[in-house]
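> sequence unavailable; structure follows:
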Ligand code: NAD
């Protein structure tokens, strides 16, 4: 039976440490601040933002959610980001993606000050990650949370074969950079990897990270016995229940460790966001 990588329990541990840091900071008269900008009415985004706001409040982090209408122009959104860049009470800024189609996500990402870029998507922060820099700077929260999950079950990374399925800017790409920085041999598969070739790579993976949004893309015949598998997908099964990209109950019979959906990567993403907000607040405090 595989080790179940319990993201909820691990997130609780991370949050406890974050809470202690917030308490220590409040004794110095400082409260960490997180601003989340939400444009439009995307249902999933509204739920994600609510969860982030709730966790921030629980941990004593000052949180502001700025809800803008679907009709917001690029100029108005950039002005809002610039205002938050200047706000002393705000240490971390997150603009919830996807934005409505008429808005340019790349320009928005580049407008957030790198030292307030709590999501780690600014090219300065991404560039440092790809340089292999081990210094202190924000890293995309989902992949960073996954590194904590891998560490929690003592997954060896150095010299191991890691396969990342999916190459999005928020998960696959920064994930591959983190694994490379940890000295794994990294392969990235994506939508143009032929379906009959994908198993050739995945069966070779000591560490398999799957982030495609395709329900049960990964079946038991596609994994290496003894592998560690992390499922990022948030999909719906045929009954409409939340499920992942990995056929959990079949795959868990073969592997060393595996994360479930729900209760895996999701809670760790939020815990990492909170931790990084406090990292940035401490950084600002020292300046
Ligand atoms: P995305 O839609 O931006 O990217 C999907 C990726 O999958 C692309 O890079 C694409 O090339 C690849 N892909 C598509 N079909 C493929 C195939 N047949 N074989 C191999 N690769 C294929 O997605 P994303 O934003 O990275 O999210 C992926 C999934 O992870 C979604 O289900 C999303 O909801 C979930 N997610 C969860 C969290 C969390 O915190 N739990 C965070 C981010 C994303």
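Structure received. The shown structure was predicted, so the numbers you read here are calculated from the model rather than taken from an experiment.
> quick one, strands of the stretch 101-250 of the chain?
161-165, 185-189, 207-210, 228-231, 235-236, 242-243 (DSSP state E, counting those that start in this stretch).
> how about the residues of the protein near the ligand?
For the chain, the residues in contact with the ligand (C-beta under 6 Å from any ligand atom) are 142, 165-168, 170-172, 189-191, 193, 198, 211-214, 232-235, 265-266, 269. For glycine as for every other residue, the C-beta is placed from the backbone atoms N, C-alpha and C.
> if we can go back for a sec, is it possible to get CSV of the strands of the stretch 101-250 of the chain that adds mean neighbour count and mean pLDDT?
Listed next are the strands of the stretch 101-250 of the chain as CSV, based on neighbours: other C-beta atoms under 10 Å; pLDDT from 0 to 100:
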stretch, mean neighbour count, mean pLDDT
strand 161-165, 25, 99
strand 185-189, 18, 98
strand 207-210, 28, 99
strand 228-231, 28, 98
strand 235-236, 14, 96
strand 242-243, 17, 96
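> redo these as TSV? Include distance to residue 149.
TSV is the format used below for the strands of the stretch 101-250 of the chain (distance: least, C-beta to C-beta, whole Å):
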stretch	distance to residue 149
strand 161-165	13
strand 185-189	17
strand 207-210	10
strand 228-231	6
strand 235-236	19
strand 242-243	18
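> quick one: which of those is nearest residue 275?
Nearest to residue 275 among the strands of the stretch 101-250 of the chain is strand 228-231 (18.4 Å), distances taken as C-beta to C-beta.
> which neighbouring elements make contact with that closest one?
helix 141-152, strand 207-210, strand 257-258 (3 or more C-beta pairs under 8 Å, 6 or more residues apart in numbering; DSSP states H and E).
> which parts of the stretch 51-200 of the chain are helices?
With DSSP state H, counting those that start in this stretch as the criterion, the stretch 51-200 of the chain has helices at 74-86, 105-111, 123-131, 141-152, 172-181, 198-202.
> a markdown table for those helices, including distance to residue 48 and mean pLDDT?
Output for these, formatted as a markdown table (distance: least, C-beta to C-beta, whole Å; pLDDT from 0 to 100):
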| stretch | distance to residue 48 | mean pLDDT |
| --- | --- | --- |
| helix 74-86 | 18 | 98 |
| helix 105-111 | 16 | 98 |
| helix 123-131 | 21 | 97 |
| helix 141-152 | 11 | 98 |
| helix 172-181 | 18 | 98 |
| helix 198-202 | 28 | 98 |
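> closest one to residue 47 among the ones you listed?
Using C-beta to C-beta, the helices of the stretch 51-200 of the chain put helix 141-152 closest to residue 47, at 15.9 Å.
> can you check what angle separates the helix or strand hosting residue 276 from helix 141-152?
Assigning secondary structure by DSSP states H and E places residue 276 in helix 265-285. Interaxial angle of helix 265-285 relative to helix 141-152 (axes from the mean of the first three to the mean of the last three C-alpha atoms, to 10 degrees): 100 degrees.
> what's around residue 40, how many residues?
The number of residues packed near residue 40 is 18, by other C-beta atoms under 10 Å.
> I misspoke; the intended subject was residue 143.
Quick note: residue 143 (other C-beta under 10 Å) scores 28 neighbours.
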